[in-house]
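1. show me how the following folds:
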Amino acid sequence: MHSQFDSALFRDRVEFKLFAAERHLKNLKEIQLNYPNLEDDSPLVQVELEIDCFLTQVLGAVDCLLILINTRLELGIATRKVDAATVQSALNARTKNISLLTELHQALEHDRWLWTLIEFRNQTMQRPSVEAQALVFNDESTIITSLHQHNSNLNSAAIVDKNLIAFFEQSAKRLRELINTIRMKESLLK
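-> Take a look at the predicted model:
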């Protein structure tokens, strides 16, 4: 039996993706609690799985939102071609709510939080997170990956570093706020 909450998640794919990302983040935090000294008891496969799934789901929420915008606003973009730039171009061409994606474009700017999530995901697709551990935190909201110059002397504890988890938590929260802002701008997206 499904609860009313489950039904709501299935009706709203964007919300479903956010929910799934939050579940994987919760799992990652549990791994951190259960393995406080990752150097000794390193659950590398579990960590990799949760990081990959979190990134896939949280970034998938953005993709689902863009597809929703395309569908509801009848922009006519082929689903496989939907991305932020194409949707914005279609909005501009049709003079439909051209400021709808302003906050999304800001988050996607170089070294901003959403750009960083995408870059981190892209880098971990090329190498396991174990090799992609050289993380530098400039502040609470910015993580810069230096994967091309990683230091092999780093230990696996960096993978589930509390700062990385905090960044993931903050990113999920920011994405939820961003999506809500966009939805409030356009009644067809509610």
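2. report the longest helix in this structure, please.
-> helix 44-72 (DSSP state H).
3. spatially speaking, which residue is in the middle of the chain?
-> Val58 (3.2 Å; Cα atoms, centre = their mean).
4. please name the nearest non-neighbouring residue to that residue.
-> Leaving aside its sequence neighbours, Val58 sits nearest to Ala21 (Cβ to Cβ, 6 or more residues apart in numbering; 3.9 Å). Quick note: C-beta positions are derived from backbone N, CA and C, even for glycine.
5. to what extent is Val87 buried, counted in neighbours?
-> Residues lying near Val87 (other Cβ atoms under 10 Å) number 22.
6. brain fart, Glu119
-> 16.
7. ok, now Pro43?
-> Pro43: 17 surrounding residues under other Cβ under 10 Å.
8. still on that earlier bit, can you spell out which helices and strands pack onto the longest helix of the chain?
-> helix 13-34, helix 84-93, helix 113-126, helix 162-185 (3 or more Cβ pairs under 8 Å, 6 or more residues apart in numbering; DSSP states H and E).
9. between the ones you listed, which gets the lowest average pLDDT?
-> Between those, the one with the least mean pLDDT is helix 113-126; it has a mean of 86.
10. what angle separates that helix from helix 84-93?
-> With axes from the mean of the first three to the mean of the last three Cα atoms, to 10 degrees defining the directions, helix 113-126 sits at 140 degrees from helix 84-93.
11. now helix 113-126: buried residues?
-> Under the neighbour-count criterion of 16 or more other Cβ atoms under 10 Å, helix 113-126 has Trp113, Leu114, Thr116, Leu117, Glu119, Phe120, Arg121, Gln123, Thr124 buried.
12. ok now it, how far from the chain's centre?
-> 9 Å (Cα atoms, centre = their mean, to the nearest Å).
13. ok so, going back, just checking, the residue nearest to the centre of the chain touches Val14?
-> No. Assessed by Cβ atoms under 8 Å, Val58 is found out of contact with Val14, at 11.2 Å.
14. could you find the closest non-adjacent residue to Arg174?
-> Once flanking residues are discounted, Arg174 sits nearest to Trp113: 5.9 Å by Cβ to Cβ, 6+ apart.
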